[in-house]
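Colleague: Based on what follows, work out the 3D shape:
(4 chains)
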Number of protein chains: 2
Amino acid sequence: MGVTIHDVARAAGVSVASASRALSGRRKVTPEVAERVARAAAELGYQPNAVAKALRDQTTGTIGMVVPGIGNPFFTTIVEAVERELQNSGTDLLLCSSQYSPQVEARRLETLLARRVDGLIISPCDIEASVPAVLDAARRVPLVQLDRYIEGGGADWVGVDDEAGLALAVDHVIAGGARSVVFAGSRLVSSSARLRLSGFERAAARTGVEVLPPLLGEFTLEWGVEAGRVLLDAGRLPDAVVCANDEIAVGLVRSLRFGGRRVPEDVAVVGFDDVGHATMCDPPLSTVRQPVEEMAAEAVRLLGQVKAGDPRPAQRIAIAPRLVVRQTSRPVAAGVPD
Amino acid sequence: MGVTIHDVARAAGVSVASASRALSGRRKVTPEVAERVARAAAELGYQPNAVAKALRDQTTGTIGMVVPGIGNPFFTTIVEAVERELQNSGTDLLLCSSQYSPQVEARRLETLLARRVDGLIISPCDIEASVPAVLDAARRVPLVQLDRYIEGGGADWVGVDDEAGLALAVDHVIAGGARSVVFAGSRLVSSSARLRLSGFERAAARTGVEVLPPLLGEFTLEWGVEAGRVLLDAGRLPDAVVCANDEIAVGLVRSLRFGGRRVPEDVAVVGFDDVGHATMCDPPLSTVRQPVEEMAAEAVRLLGQVKAGDPRPAQRIAIAPRLVVRQTSRPVAAGVPD
DNA sequence: ACCGGTTGGGTAATCGATTACCCGAGTTTC
DNA sequence: GAAACTCGGGTAATCGATTACCCAACCGGT
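Modeller: Next up, the predicted model:
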């Protein structure tokens, strides 16, 4: 395999320089030459070697993206959004999964850097353990964190305003009559996990409702089911459960109904994310919608602006979410029906 | 950015040849030189440029994978399996989505070829429209089709034995007492869609049950819901519905229950795939499990054997699925409880 | 007829890593 | 003691596309 520009040039009876110029159009050639080169290229089925091009102009037309896992629908949604966003700019995406492991994540970053990606978008799997690899990468190429971030603020970030989102959720259930609330989330290993818990606590404290101790596990449906069981076993249910994502919420609803409680009559449940799952489950889930398209667009835009190792202070762009009221909570004026 | 092997060589006071040899270990150098080079490389933070390496040895250590969409959990599952399979061989994966469009698919293949991937794994989105691009790619690099394939058999394929799978499903519902059955699948745009319908029809014909006209739409939950409505509106329900995948089945179950029918008492429902969804839904879904790990392993193994444009006849490897009986069908001895 | 300017094409350097090839020093062998 | 070998190191070619640089031809103006 491999018809090169030399072959094209020879077939067209011109030099490689002329062939290159005819094909790229970056300098004028006579119509005669242009024609002959075009024909030769077509006949030979010439396809430029992107590797050689990348070596020569020190740019690959590629950006790398690293997410914790593609099994999680939130991440696949955001990957698709980034892909769409990149589509028209001609750059394409190298997608990697860190499998929720900082070691794998560091290896993935290494190989992406070795392949000389022009930039990186990453959702670091661990707020602490991911720090060195992410900072090191940020020193070498433009890098933007999306959704999750590392502590210490050494790199730009785009994500949702978790604090605002949790305030929406808490205010909503209280407006619906809840006098006691609990938070079902994830262990505090990621920035999202921490911010959502603290956002919940702050919002709840502000309103003065009774707050039960939070339930912290994983961002999974299984943990939601488990958390529901824990609540049932505790004997006394709160009026509302605010969840850190939709999968937890779906599991929780199932668990509570299995235990004979009605949602939302006995307990209101609100999720977070609103990616696919929420409309599909039964009953449809009230949730806080992440502005995934805007986040992706903003991340790509920002990536175009940052330079590697730029001493400029890191930016943090938090985009406001909105509440989507469906049927696991009592409707009040505040929410947008869907 | 960019400390090269020349910088390392200079810092160590040796030639680039020695530096390269010391680092790769492909030819002996004196311990003295090895030591000095290693120290210099470490101090400068040298990281070899994979682009230059790829250009020089005409191999990128990368394989490309193209799937119709990463929103579909079946494809993300199979991507993860391939990723795991590749992990230890040191090659990494460039993942692309064709977004169910043959045009996008062709473009993605072009850019993967331009980037000189060492091989391709593809699940072609359209059994007819994908033909030219796939055959063209297969002529240039080793290529294996996984799950879906193009008509005409011009390239190797690894997938599930759909015929056997549908036979399992049909025999199972009949053993459970069904006297009439219907198939809920997808329009016949992919090989999977066709094989599952024909597998269903053959199995049903063999047993002689009454067969209602098939319902063909998309491989989505929404279509499952819609198909359920169609059945309800038709006035008379069959005893069993065999679905082309789990998402359709989940939607269908929801729809039927919403319409007041009991599953499996009034209607038995069986899905296909068994990737995540099935255990999560309510009630847990009886389904035919695709051997995803084996399929991925086999695809990677095969990829290592095929050569580009090899005139050897194309292989087709169909792996047997197994039935997993849960609660949307009546248990009989045949199935493996889960 | 001569000169500055423009136009289009060709030659060779460049990107960075690897390695074919060559060379000198030291060792072995008859 | 000289031929034959081994060993380790350096020089430069190589992969393929782009482009800096150079050069010949031609143009119009004086």
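Colleague: Run through chain A and note the low-pLDDT ranges.
Modeller: By pLDDT under 70, the low-scoring segments of chain A are A:1, A:310, A:332-338.
Colleague: how near is the spatially most central residue of it to residue A:150?
Modeller: Centroid-nearest residue in chain A, with CA atoms, centre = their mean: residue A:78, separated by 4.3 Å. Distance from residue A:78 to residue A:150, counting by CB to CB, to the nearest Å: 18 Å. In short, each C-beta sits where N, CA and C put it, glycine included.
Colleague: Repeat that for residue A:218.
Modeller: In this view, residue A:218 and residue A:150 are 20 Å apart by CB to CB.
Colleague: what do you get for residue A:82?
Modeller: 19 Å.
Colleague: Ok, residue A:17 next?
Modeller: Taking CB to CB, one finds residue A:17 at 47 Å from residue A:150.
Colleague: before we move on, what about residue A:261?
Modeller: Taking CB to CB, one finds residue A:261 at 39 Å from residue A:150.
Colleague: more neighbours, these two?
Modeller: residue A:150 (25 against 16; other CB atoms under 10 Å in any protein chain shown).
Colleague: and the more buried one, that one's in a strand?
Modeller: No: counting by DSSP: H, G, I helix; E, B strand; the rest coil, residue A:150 falls outside a strand, being coil.
Colleague: wait, isn't it in contact with residue A:131?
Modeller: Yes: counting by CB atoms under 8 Å, residue A:150 touches residue A:131, with 4.8 Å between them.
Colleague: Now do the contacts for residue A:321.
Modeller: Listed by CB atoms under 8 Å, 6 or more residues apart in numbering or on different chains, the contact partners of residue A:321 are A:160, A:161, A:164, A:165, A:168, A:288, A:289, A:290, A:291.
Colleague: could you flag which of those residues are buried?
Modeller: Neighbour-count burial (16 or more other CB atoms under 10 Å in any protein chain shown) applied to the contacts of residue A:321 gives A:160, A:161, A:164, A:165, A:168, A:288, A:289, A:290, A:291.
Colleague: give the contact list for the third one.
Modeller: With contact taken as CB under 8 Å, 6+ apart, residue A:164 is in contact with A:199, A:318, A:320, A:321.
Colleague: these two touch, right, the first one and residue A:166?
Modeller: Translated: residue A:199. Yes: using CB under 8 Å, residue A:199 is in contact with residue A:166, at 3.3 Å.
Colleague: So these two - more neighbours on which side?
Modeller: Applying other CB under 10 Å to residue A:199 and residue A:166 shows that residue A:166 carries more neighbours, namely 28 against 23.
Colleague: what does chain A put close to DNA strand D?
Modeller: Taking CB under 7 Å from any atom of the strand, the part of chain A that reaches DNA strand D is made up of A:2, A:4-6, A:16-17, A:20-21, A:23-24, A:26, A:46, A:48-49, A:52-53, A:55-57.
Colleague: Now, of the residues you listed, which are buried?
Modeller: If you count burial by 16+ other CB under 10 Å, the buried members of those come out as A:4, A:5, A:20, A:21, A:23, A:46, A:49, A:52, A:53, A:55.
Colleague: ok, the residues you listed vs DNA strand C, which is closest?
Modeller: Among these, residue A:55 lies closest to DNA strand C (CB to the nearest atom of the strand), at 4.1 Å.
Colleague: Tell me the spatial nearest neighbour of the closest one, not counting adjacent residues.
Modeller: Closest residue to residue A:55 in three dimensions, ignoring its sequence neighbours and counting by CB to CB, 6 or more residues apart in numbering or on different chains: residue B:51, at 4.9 Å.
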